[in-house]
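Trainee: kindly generate the corresponding structure for this input.
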Amino acid sequence: MNPKMLPKSHGAGGASGYKIKDLGSKNGTILKGEPMVPYKEYPLQEGDVFQIAGSKYMFRASPS
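Mentor: Below is the predicted model:
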């Protein structure tokens, strides 16, 4: 997944691997079924499922 596809308040990618961070979004972000703590970075692994604004996404580091 290209980090540019995520809303600015939800995630980013970097040189040290892919991470997701909720930047104080109104509805929060769910990662692997658990609410994320705002402003805390979480590493993303291939196949991780996260939820933003009621929509679920599966992280893929490489194209299928």
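
Trainee: what is the mean pLDDT for stretch 22-40?
Mentor: Averaging pLDDT along stretch 22-40 yields 95.

Trainee: quick one: end-to-end length of that stretch, please.
Mentor: End-to-end distance for stretch 22-40: 7 Å, by Cα to Cα, to the nearest Å.

Trainee: what residues sit buried inside that stretch?
Mentor: For stretch 22-40, burial by neighbour count (16 or more other Cβ atoms under 10 Å) applies to 22, 29-31, 36. All C-beta spots, glycine's among them, are computed from the backbone N, C-alpha and C.

Trainee: who's the residue nearest the centre of the chain bridged to?
Mentor: Centroid-nearest residue in the chain: residue 20, 3.9 Å away (criterion: Cα atoms, centre = their mean). Applying DSSP bridges to residue 20 gives these bridge partners: residue 11, residue 42.

Trainee: touching, it and residue 40? I think so.
Mentor: No: between residue 20 and residue 40 there is no contact under Cβ atoms under 8 Å: 9.8 Å.

Trainee: closest to residue 44 out of the buried residues of stretch 22-40?
Mentor: residue 31 (8.2 Å; Cβ to Cβ).

Trainee: could you tell me the per-residue confidence at the closest residue to the closest one other than its chain neighbours?
Mentor: Excluding its sequence neighbours, the residue lying closest to residue 31 (Cβ to Cβ, 6 or more residues apart in numbering) is residue 50, at 4.7 Å. With respect to pLDDT, residue 50 has a value of 95.
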